[in-house]
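> Build me a model:
(2 chains)
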Amino acid sequence: KAGVTQTPRYLIKTRGQQVTLSCSPISGHRSVSWYQQTPGQGLQFLFEYFSETQRNKGNFPGRFSGRQFSNSRSEMNVSTLELGDSALYLCASSPPQPRTQFFGPGTRLTVL
Amino acid sequence: DQQVKQNSPSLSVQEGRISILNCDYTNSMFDYFLWYKKYPAEGPTFLISISSIKDKNEDGRFTVFLNKSAKHLSLHIVPSQPGDSAVYFCAASVWGGSEKLVFGKGTKLTVNP
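Below is the predicted model:
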């Protein structure tokens, strides 16, 4: 099976812009979660989608949003980018059992 | 507050010896624990997991031990190999209809030849 794929792998944006990141889960996985990794805060949960519904959301401002499509592919959007949004954004997918999340390679976002 | 803690930022061991990485948690509702290995600028790679109904799980060179009363888990790698050098993350989740992983800050393992 192909692993989790994320596009693009690298992005450079300027403050105030918005960005959309894409994630394709492992075939058959219906749960997709997003995480942000920064040197200071480590790996932090953003949100999780299952069957096109957001099931859980982390403690991030409303500028961070996401959605999931009927084929389980997911996108996350960050509007009005700030310098502090520079991070590695990771997508993970998981089957119902076992409860293991498999991560993609990530998207490195740099905000200038 | 940090619910999952990895108190050792780094660990150095000799090739062939045992590596022991530790993780403590505070939330007694966590019922599933995982270890991931990560290289810079890459996504975490799943290594091994354990459910709270068990106290040990083995997969090849990797063994995870869970001590629920102490809220402590550890990952043993035997024997350690230079290719094991990476950052190791402990993660935990609570079953509640959603799989939100709470991660520790990671431990950088260096295996010296």
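> C-alpha from now on. contacts and neighbour counts both.
Fine.
> ranges for the strands of chain A?
Along chain A, counting by DSSP state E, strands occupy A:5-7, A:10-13, A:19-24, A:31-38, A:42-50, A:53-57, A:64-68, A:74-78, A:87-94, A:102-103, A:107-111.
> same deal with chain B?
Remark: strands assigned in chain B by DSSP E are B:4-5, B:10-14, B:19-25, B:32-38, B:45-51, B:56-59, B:62-67, B:72-77, B:86-93, B:102-103, B:107-112.
> So which residues on chain A come close to chain B?
Within chain A, the positions adjacent to chain B are A:33, A:41-45, A:47-48, A:55-56, A:88, A:90, A:99-106, A:108 by Cα under 8 Å from any Cα of the partner chain.
> ok, now how distant is residue A:48 from residue B:66?
27 Å (Cα to Cα, to the nearest Å).
> between those two, who's got more neighbours?
Counted by other Cα atoms under 10 Å in any protein chain shown, residue A:48 and residue B:66 do not tie: residue A:48 has more neighbours, with 27 against 22.
> Enumerate every residue touching the more buried one.
A:31-34, A:54-57, B:98-100 (Cα atoms under 8 Å, 6 or more residues apart in numbering or on different chains).
> Which members of those residues are the farthest-apart pair?
Pairwise distances across these (Cα to Cα) peak at 13.4 Å, for the pair A:31 and A:57.
> Mind listing what's buried along stretch A:42-56?
Buried residues in stretch A:42-56, defined by neighbour count with 16 or more other Cα atoms under 10 Å in any protein chain shown: A:42-50, A:52, A:54-56.
> Give me the mean pLDDT for stretch B:54-66.
Stretch B:54-66 comes out with an average pLDDT of 98.
> What spatial separation is found between the residue of chain B most remote from its centre and chain A?
In chain B, residue B:97 marks the outermost C-alpha relative to the chain mean, sitting 23.4 Å out by Cα atoms, centre = their mean. Plainly put, residue B:97 is 7 Å away from chain A if you go by Cα to the nearest Cα, to the nearest Å.
> again, but for residue B:113
28 Å.
> related to what we said a few turns ago, which among the strands of chain B is found nearest to residue A:16?
With Cα to Cα as the criterion, residue A:16 lies closest to strand B:102-103 of these, at 29.6 Å.
> close to chain A, is the closest one?
Yes - using Cα under 8 Å from any Cα, strand B:102-103 reaches chain A at B:102-103.
> what about residue B:68, neighbour count?
Per other Cα under 10 Å, the neighbour tally for residue B:68 reads 17.
> cool, and residue B:86?
When neighbours are defined as other Cα under 10 Å, residue B:86 has 19 of them.
> Point me to the residue of chain B nearest chain A.
Here chain B gets closest to chain A at one residue, residue B:43, 4.3 Å apart by Cα to the nearest Cα.
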